[in-house]
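Q: coordinates only, no sequence provided:
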Ligand code: GDP
Ligand code: IMO
Ligand code: MG
């Protein structure tokens with residue numbers, strides 16, 4: 001007998017920052033558990049509700065509503081950052097009902113040092129990382145000498161593994177910077193303390209989640225980063241070191257693919273990117289400046305101004321294929337107000353030929369020319385006016401916005417489930433009441 005599966009995944013289809021935090025919090029209202037399955041504190045997820053702005057790097061966005069939150073084995077953990085986030089929530093009188101996978105890998109200070117040094121030595125191939133040690137930690141996981149949360153909470157296992165790893169990394173770092181040094185004993189003491197403080201949260205999350213899903217609990221999987229930053233299916237090497245798309249959920253949680261009920265793909269009404277790498281629809285003019293200001297496009301983690309450009313439906317179609325997207329969620333429609341015409345990329349041209357599928361290789365993408373459609377924009381409104389429109393529902397949206405949304409739906413051949421016209425939880429219009 002097939003059991004009913006009450007799970008939904010929210011996956012970014014672009015280069016991250018699509019509004020996953022906002023939408024996850026929205027869906028969390030109807031859920032029991034929210035799960036992160038990839039990435040670490042390179043992520044920055046923002047939620048605004050009841051006049052408070054929350055910014056999470058590691059804690060799943062369900063924490064605002066004090067839901068059960070799970071950090072899966074596919075994540076990499078900076079324990080100091082995680083403890084700070086728990087502490088910040090406690091200060092707001094929020095109960096943190098966290099389960100942390102014993103097999104997630106741990107970020108150490110030498111990973112962070114290596115991130116910066118390796119980036120500097122990569123030159124034109126540098127991805128412009130967040131310098132949080134993400135790549136070096138996933139490298140050690142794949143190299144099979146990484147240190148896991150289980151080791152962190154058992155100092156007797158942590159010590160010999162850390163001594164070995166430290167020596168290996170020290171030798172490597174010294175090839176970049178002969179004067180580099182760190183005190184092994186103080187790292188051990190700090191991490192032993194972190195382990196003691198995190199111990200109560202650590203469990204076998206794969207077992208826990210499978211049991212919860214089998215018993216009918218409603219679960220939201222919250223992606224970090226976006227499809228185009230995927231280590232396997234993104235614009236390599238200008239991406240991150242995990243699988244941010246739906247393909248990463250099973251490996252990053254221990255939940256089999258057949259238990260992932262629905263997969264929704266989240267996009268902005270335009271495109272943004274932080275860090276390096278090709279961006280075919282990127283804008284550099286006063287329109288870029290306007291979108292950046294109206295969308296507050298500055299990185300949550302590093303504060304870097306985000307690069308912005310027109311919506312690229314060609315790479316989103318690719319994301320729909322890779323993720324197996326059921327429905328689309330579109331955010332930041334309000335941020336395009338007062339801009340006309342608005343352009344939308346519907347394909348790429350290469351050497352006079354229209355491409356059939358997104359070319360993936362950055363060396364080819366560089367030579368492609370986006371093909372655009374133009375749309376009339378909509379009038380500028382105050383955030384209060386947008387909130388009021390959200391309150392009234394879809395019919396109250398500006399006509400030009402409805403035409404833009406219809407074009408996205410037709411071009412992607414995918415229905416739109418939710419639209420977002422402001423940063424607050426309530427600035428949201430649901431078009432599919434049966435989504436979850
Ligand atoms: P995430 O990494 O995908 O969770 O996205 P971020 O939180 O890094 O970036 C999205 C930004 O847009 C945040 O500052 C959100 O508060 C904000 N945001 C989300 N949806 C909307 C929207 O519909 N309109 C506006 N104006 N801001 C939004
Ligand atoms: P959220 O979850 C946007 C980008 C970095 C860099 C590349 C590799 O908030 O959407 P890393 O530190 O992961 O090794 O950096 O990936 N990047 C993000 N860009 N949003 C994110 O997360 C990102 N996480 C990493 O800018 O180009
Ligand atoms: Mg973000």
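A: That came in fine, so what should we check first? The structure displayed is predicted, hence computed values, not measured ones. Numbering: from 1, shown residues only. Ligands and ions are numbered 1, 2, ... in the order given.
Q: helix/strand/coil for whichever residue of the stretch 301-436 of the chain sits closest to ligand 2?
A: Across the stretch 301-436 of the chain, the shortest distance to ligand 2 (C-beta to the nearest ligand atom) belongs to residue 301, at 6.8 Å. Where C-beta positions appear, they are placed from N, C-alpha and C, glycine not excepted. Here residue 301 is coil, with the state taken from DSSP: H, G, I helix; E, B strand; the rest coil.
Q: give me the neighbour count for it.
A: Other residues near residue 301 number 18, with proximity taken as other C-beta atoms under 10 Å.
Q: could you measure from the residue nearest to residue 268 when sequence neighbours are not counted over to ligand 3?
A: Once flanking residues are discounted, residue 268 sits nearest to residue 332: 4.6 Å by C-beta to C-beta, 6 or more residues apart in numbering. Residue 332 sits 12 Å away from ligand 3, taking C-beta to the ion, to the nearest Å as the criterion.
Q: ok so, going back, dump the residue contacts of the residue of the stretch 301-436 of the chain closest to ligand 2.
A: Going by C-beta atoms under 8 Å, 6 or more residues apart in numbering, residue 301 touches 41, 42, 43, 44, 57, 130, 132.
Q: then residue 6?
A: So residue 6 contacts 213, 216, 217, 218, 219, 261, 436 (C-beta under 8 Å, 6+ apart).
Q: now tabulate the contacts of residue 301 in TSV and tack on distance to residue 341, secondary structure and neighbour count.
A: As requested, the contacts of residue 301 are exported to TSV (distance: C-beta to C-beta, whole Å; DSSP: H, G, I helix; E, B strand; the rest coil; neighbours: other C-beta atoms under 10 Å):
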residue	distance to residue 341	secondary structure	neighbour count
41	39	coil	24
42	35	coil	27
43	34	coil	28
44	31	coil	19
57	37	coil	21
130	34	coil	23
132	39	coil	23
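Q: measure the residue of the stretch 301-436 of the chain closest to ligand 2 to ligand 3 for me?
A: Distance, residue 301 to ligand 3, using C-beta to the ion: 7 Å.
Q: beta partners of the spatially closest residue to residue 92 that is not a sequence neighbour?
A: Take residue 92 and drop its neighbours on the chain: the residue closest to it by C-beta to C-beta, 6+ apart is residue 52, 7.4 Å away. On the basis of DSSP bridges, residue 52 is bridged to residue 49.
Q: residue 52 contacts residue 91, correct?
A: No - with contact defined as C-beta atoms under 8 Å, residue 52 does not reach residue 91; the gap is 11.9 Å.
Q: tell me which element the residue nearest the centre of the chain falls in.
A: Nearest residue to the geometric centre of the chain (C-alpha atoms, centre = their mean): residue 224, 2.1 Å. In the assignment (DSSP states H and E), residue 224 maps to no helix and no strand.
Q: follow-up on the earlier one: how near is the residue nearest to residue 92 to residue 378?
A: For residue 52, the distance to residue 378 equals 29 Å [C-beta to C-beta, to the nearest Å].
Q: of these two, which one has the most company?
A: Between residue 52 and residue 378, residue 378 has the larger neighbour count (other C-beta under 10 Å), namely 22 against 9.
Q: excluding chain neighbours, what is closest to the more buried one?
A: Residue 378 sits nearest to residue 398 (C-beta to C-beta, 6+ apart), 3.8 Å away.
Q: surely residue 120 forms part of a strand?
A: No - checked against three-state DSSP, residue 120 lies outside a strand; its state is helix.
Q: show me what from the stretch 201-350 of the chain comes close to ligand 2.
A: Counting by C-beta under 6 Å from any ligand atom, the residues of the stretch 201-350 of the chain close to ligand 2 are 224, 225, 226, 229, 239, 240, 241, 274, 275, 276, 300.
Q: if I read this right, the third one contacts residue 10, doesn't it?
A: So the one you mean is residue 226. No - in this structure, residue 226 is not within contact of residue 10 by C-beta under 8 Å, at 11.1 Å.
Q: ok, residue 37 touching residue 247?
A: No - at 10.3 Å, residue 37 and residue 247 do not qualify as touching, with contact defined as C-beta under 8 Å.
Q: how about the secondary structure of residue 58?
A: coil.
Q: contact partners for residue 270?
A: Residue 270 touches 291, 295, 308, 309, 310, 311, 332, 335, 336, counting by C-beta under 8 Å, 6+ apart.
Q: the fourth one pairs with what?
A: Right, the one you point to is residue 309. residue 271, residue 282.
Q: read off the pLDDT value for it.
A: Looking at residue 309, its pLDDT is 98.
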